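Visitor: what's the 3D shape of this:
(chains A, B and C)
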Amino acid sequence: MDRVDLRVSTGRRLVTDLTDEVTAFCRGRGDGLVHVFVPHATAGVALIETGSGTESDLAEALARLLPRQDIYRHRHGSTGHGGDHVMPAFVSPSLSIPVDAGVPALGTWQSIVLVDPNVDNAVRQVRLTFLLG
Amino acid sequence: MDRVDLRVSTGRRLVTDLTDEVTAFCRGRGDGLVHVFVPHATAGVALIETGSGTESDLAEALARLLPRQDIYRHRHGSTGHGGDHVMPAFVSPSLSIPVDAGVPALGTWQSIVLVDPNVDNAVRQVRLTFLLG
Amino acid sequence: MDRVDLRVSTGRRLVTDLTDEVTAFCRGRGDGLVHVFVPHATAGVALIETGSGTESDLAEALARLLPRQDIYRHRHGSTGHGGDHVMPAFVSPSLSIPVDAGVPALGTWQSIVLVDPNVDNAVRQVRLTFLLG
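Guide: Sure thing, here's the model as predicted:
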């Protein structure tokens, strides 16, 4: 099985750490790349440091770039949700990471995260695919 | 043939939907990933919902982030075109999508789009590559 | 060897051109994709035109989006460094480029660059991986 669909519980969090799940998926697979993909129109994946404040700094950056105001043509859900639909153009839902002997070759401070500003969906799907390098 | 170069007619549109072309390319290819790439310095590819206003919301977001004003060092073409050259750093020209049994595993609301703010080129090239998963 | 780790001297530059190094790595490898990855939490990779001012236009765009002010929860290093930690959510550290007969299929005006706003680290690592297409 070179692919798996994760069900990720995001609750109302913007940022959900996927590093453990991706690491478990890669174990025993040798050298290659792992592709992380989120099949949702208001979510992305990113590599950031977690646990030091960047989660809330990212939330504020998104609020500056895509304000939660009634300025969007795409209108449904809560006020400003139209901005969530713009986000994936900037925070892409597709990311690949090198894997060495079954271990993601992340930098010391990199964690793999799901970025999901949509507070109305508490569970998200994430697709992992392994590619032999 | 695991690769193809599409010629895409963008006219003066910022957003051009590529979903049908990518879907046709994947048909019959089995499981893997499709890589979508645009070999232009003022364009990117993205996954967004189309037909509900996000195209114009993206246009306005880009106008806030990269205003069409005479503020750029890179000066040629129409006013503000220098910002089009910055855009691909944020809206990447490279994207990969899982494919299951020849069908791109997109979310319900995801469409594959070319993002091209350059109104002076009405035809763009897009490269598709299939990778076995 | 389908993978290599480059040591890149960035000095205090935001943008460092990697095109020559990536081109050299691809030579003789046939058709496929080259994946460019930076294992650092405050850096990304991008495809932009170099030598015409876009480097400084990108610097100014980042300064508008992620101002170098004391507004970040993530506090260490120089003032505003917290913004450098947000940057990779927008300027991704992962990028793939088609390769034809050992030559990256870049557009005429595209160069592969490392984007590194962190002036406190003068040397960075970049991982290249070749995937057969």
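Visitor: my guess is A:Ser9 meets A:Val126, correct?
Guide: No: using C-beta atoms under 8 Å, A:Ser9 is not in contact with A:Val126; the gap is 11.2 Å. Placement of C-beta: from N, CA and C, glycine included.
Visitor: between the two, who's got more neighbours?
Guide: Neighbour count, other C-beta atoms under 10 Å in any protein chain shown: between A:Ser9 and A:Val126, A:Val126 has more, with 23 against 9.
Visitor: Quick check: bridge partners of the more buried one?
Guide: Under DSSP bridges, the beta-bridge partners of A:Val126 are A:Leu6.
Visitor: and what of A:Val45?
Guide: A:Leu114.
Visitor: Likewise for A:Leu131?
Guide: Note on A:Leu131: beta-bridge partners A:Leu33, judged by DSSP bridges.
Visitor: which parts of the lengthiest helix in chain A are buried?
Guide: Taking DSSP state H as the criterion, chain A has its longest helix at helix A:54-65. Neighbour counts over helix A:54-65 (16 or more other C-beta atoms under 10 Å in any protein chain shown) mark A:Thr54, A:Glu55, A:Asp57, A:Leu58, A:Ala59, A:Ala61, A:Leu62, A:Leu65 as buried.
Visitor: Could you check how far the second one is from C:Gly82?
Guide: Applying C-beta to C-beta, to the nearest Å, the value for A:Glu55 to C:Gly82 is 12 Å.
Visitor: what residue ranges in chain A score low on pLDDT?
Guide: Applying pLDDT under 70 to chain A picks out residues A:1.
Visitor: For it, which segments are assigned as strands?
Guide: All strands of chain A, identified by DSSP state E, fall at A:3-9, A:15-17, A:32-37, A:44-48, A:94-100, A:103-104, A:111-115, A:123-132.
Visitor: And for A:Val123, the neighbour number?
Guide: 9.
Visitor: residues touching it, list them.
Guide: Contacts for A:Val123 (C-beta atoms under 8 Å, 6 or more residues apart in numbering or on different chains) come out as A:Arg7, A:Val8, A:Ser9, A:Thr10.
Visitor: Weed out the non-buried ones from the residues you listed.
Guide: Burial by neighbour count, 16+ other C-beta under 10 Å: within the contacts of A:Val123 this picks out A:Val8, A:Thr10.
Visitor: Identify the farthest-apart pair in the contacts of A:Val123.
Guide: A:Arg7 and A:Thr10 (10.2 Å; C-beta to C-beta).
Visitor: shared neighbours of the two, anything?
Guide: Shared contacts of A:Arg7 and A:Thr10, counting by C-beta under 8 Å, 6+ apart, come down to A:Val123, A:Arg124.
Visitor: quick one, what contacts A:Val86?
Guide: A:Leu66, A:Tyr72, B:Ile48, B:Thr54, B:Asp57, B:Leu58, B:Ala61.
Visitor: Now do it against B:Ala59, distance only.
Guide: From A:Val86 to B:Ala59 the distance is 10 Å (C-beta to C-beta).
Visitor: ok, the closest residue to A:Asp31 other than its chain neighbours - how many residues close by?
Guide: Nearest residue to A:Asp31, sequence neighbours excluded (C-beta to C-beta, 6 or more residues apart in numbering or on different chains): A:Gly133, at 4.9 Å. Using other C-beta under 10 Å, the number of residues around A:Gly133 comes to 17.
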